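Undergrad: Fold the following and give me the result.
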Amino acid sequence: LVNLLEFSPATNIRKALSAEEYYSQLVNLGFKRHASMYIPYFKSDPRFKLKAFIACGLYQEGINLAKDLNDDEVVLALTQLLH
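TA: Numbers count the residues shown, from 1 in each chain. Take a look at the predicted model:
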């Protein structure tokens, strides 16, 4: 699988689906590792991005985002997962 957003910046592929939609489809198919490549391109709610980091097992990135969102409860929970 390839990152279609990276290889098709001006084509209809980019216009057809958002990064969030690519991510959701890939997660539904069980491709979490590949889905995680689309998270940096999210333009929607930062909470969706936080959930995506957690779903893909990217806990450190989730901690950093939760700190930016001032969500101490999520920071604590994710920190416990890392230890």
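Undergrad: and Tyr38, how many neighbours does it have?
TA: 25 (other Cβ atoms under 10 Å). Quick note: C-beta positions are derived from backbone N, CA and C, even for glycine.
Undergrad: what's the answer for the one 3 residues further on, then?
TA: Residue crowding around Tyr41 was assessed by other Cβ under 10 Å; the count is 16.
Undergrad: what are the ranges of the helices in this structure?
TA: 4-7, 12-16, 19-28, 32-35, 46-55, 59-68, 72-82 (DSSP state H).
Undergrad: Identify the residue spatially nearest to Pro46, adjacent ones excluded.
TA: Leu69 (6.0 Å; Cβ to Cβ, 6 or more residues apart in numbering).
Undergrad: isn't the one you found right up against Lys49?
TA: No - if you go by Cβ atoms under 8 Å, Leu69 and Lys49 don't touch, sitting 9.5 Å apart.
Undergrad: okay, those two: which has more neighbours?
TA: Lys49 (22 against 14).
Undergrad: Give me the neighbour count for the residue nearest to Val27 when sequence neighbours are not counted.
TA: Nearest residue to Val27 in three dimensions, chain neighbours excluded: Ala35, at 4.8 Å (Cβ to Cβ, 6+ apart). For Ala35, the neighbour count with other Cβ under 10 Å is 22.
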